[in-house]
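>>> Return a 3D structure for these sequence lines:
(chains A and B)
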Amino acid sequence: DTEVTQTPKHLVMGMTNKKSLKCEQHMGHRAMYWYKQKAKKPPELMFVYSYEKLSINESVPSRFSPECPNSSLLNLHLHALQPEDSALYLCASSGLGQGKNIQYFGAGTRLSVL
Amino acid sequence: DQQVKQNSPSLSVQEGRISILNCDYTNSMFDYFLWYKKYPAEGPTFLISISSIKDKNEDGRFTVFLNKSAKHLSLHIVPSQPGDSAVYFCAASANNNDMRFGAGTRLTVKP
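Sure, this is the predicted structure:
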């Protein structure tokens, strides 16, 4: 099973709303990722969690707040977003340790900020 | 700074022929390269990878070639099938966690 599940699939929110994106995997992976993808652009790395600890934050604005409650779950809390934050948000997971690790992606949450 | 580049936004080939998708990179620290395939409304799906210690990796109809001196890799699909029509992303990493993607190439295989 190489499934990464993201909810919701679509989200529309106002600039004053607070919402959360959720990601779940049961592959025993200890690294989880958030990416942002705008139309006709490559996925851009936002955050990396390794062993439930934040290991990479690619200078993401504080209106995006990641959380990793356990090894299977990854959340992205959204607050006071801007219209330019509208994008596809992808979650991925991978193994850790020696060797090269393949990242497995969810289907994404398409976010629209009004 | 786009460290991984796919200069062809689209490619159209006839069914049964070879599809060649190209990717260039600028960071000489990259040592692992991957190709992902993406259908509409789905996340990227891993297709094939290659380590920098190799120059070729083959998996069925898919072969990835790596030219380190030119900082270039390519994905060959032969024979191409209509079901291969998708967006293909090239990706590269310098360690296990920090992966950079190209902008993607939309492949259309015509019956």
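
>>> And residue B:40, which helix or strand is it part of?
For residue B:40, there is no enclosing helix or strand under DSSP states H and E.

>>> Can you get me a residue count around it?
A count of nearby residues for residue B:40, using other CB atoms under 10 Å in any protein chain shown, gives 6. Where C-beta positions appear, they are placed from N, C-alpha and C, glycine not excepted.

>>> got it, and the one 3 residues further on?
Residues within reach of residue B:43, counting by other CB under 10 Å, total 21.

>>> got it, and residue A:34?
For residue A:34, the neighbour count with other CB under 10 Å is 25.

>>> element containing it, please.
strand A:31-37.

>>> per-residue confidence averaged over that strand?
The average pLDDT within strand A:31-37 is 94.

>>> Direction included, what does it pair up with?
According to DSSP bridges, strand A:31-37 forms sheet pairs with strand A:44-50 (antiparallel), strand A:87-94 (antiparallel).

>>> among those strands, which is the most enclosed?
Among the strands paired with strand A:31-37, strand A:87-94 has the highest mean neighbour count (mean count of other CB atoms under 10 Å in any protein chain shown), at a mean of 24.

>>> any idea which helix or strand comes after it?
With DSSP H and E, the next secondary element past strand A:87-94 is strand A:104-105.

>>> now what about that following strand, what contacts it?
By CB atoms under 8 Å, 6 or more residues apart in numbering or on different chains, the residues outside strand A:104-105 that reach it are A:2-4, A:25, A:27, A:29, A:90-94, B:36, B:43-46.

>>> one more time with 7 Å, if that's ok
Contact with strand A:104-105 is made by A:2, A:4, A:27, A:90, A:92, A:93, A:94, B:43, B:44, B:46, as judged by CB atoms under 7 Å, 6 or more residues apart in numbering or on different chains.

>>> Just the pLDDT for the last one.
The pLDDT attached to residue B:46 in the predicted structure is 93.

>>> Any idea what residue A:25 is bridged to?
As assigned using DSSP bridges, the partners bridged with residue A:25 are residue A:4.

>>> Would you mind giving the strands paired with strand A:31-37 as JSON lines with mean pLDDT added?
Output for those, formatted as JSON lines (pLDDT from 0 to 100):
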{"stretch": "strand A:44-50", "mean pLDDT": "93"}
{"stretch": "strand A:87-94", "mean pLDDT": "95"}
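
>>> May I see those strands arranged in a markdown table, with distance to residue A:12 as well?
Below are the strands paired with strand A:31-37 laid out as a markdown table (distance: least, CB to CB, whole Å):
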| stretch | distance to residue A:12 |
| --- | --- |
| strand A:44-50 | 20 |
| strand A:87-94 | 13 |
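
>>> Flag every buried residue along the lowest-mean-pLDDT helix or strand in chain A.
Using mean pLDDT, DSSP states H and E, strand A:53-57 stands out as the lowest-scoring helix or strand of chain A, at a mean of 89. For strand A:53-57, a neighbour-count test (16 or more other CB atoms under 10 Å in any protein chain shown) marks nothing as buried.

>>> That strand relative to strand A:31-37, how many degrees between them?
Angle, strand A:53-57 to strand A:31-37, by axes from the mean of the first three to the mean of the last three CA atoms, to 10 degrees: 30 degrees.

>>> tell me the centre residue of chain A?
residue A:34 (2.8 Å; CA atoms, centre = their mean).

>>> Tell me how far it lies from chain B.
12 Å (CB to the nearest CB, to the nearest Å).

>>> Would you agree residue B:107 is in contact with residue B:82?
No: assessed by CB atoms under 7 Å, residue B:107 is found out of contact with residue B:82, at 10.5 Å.
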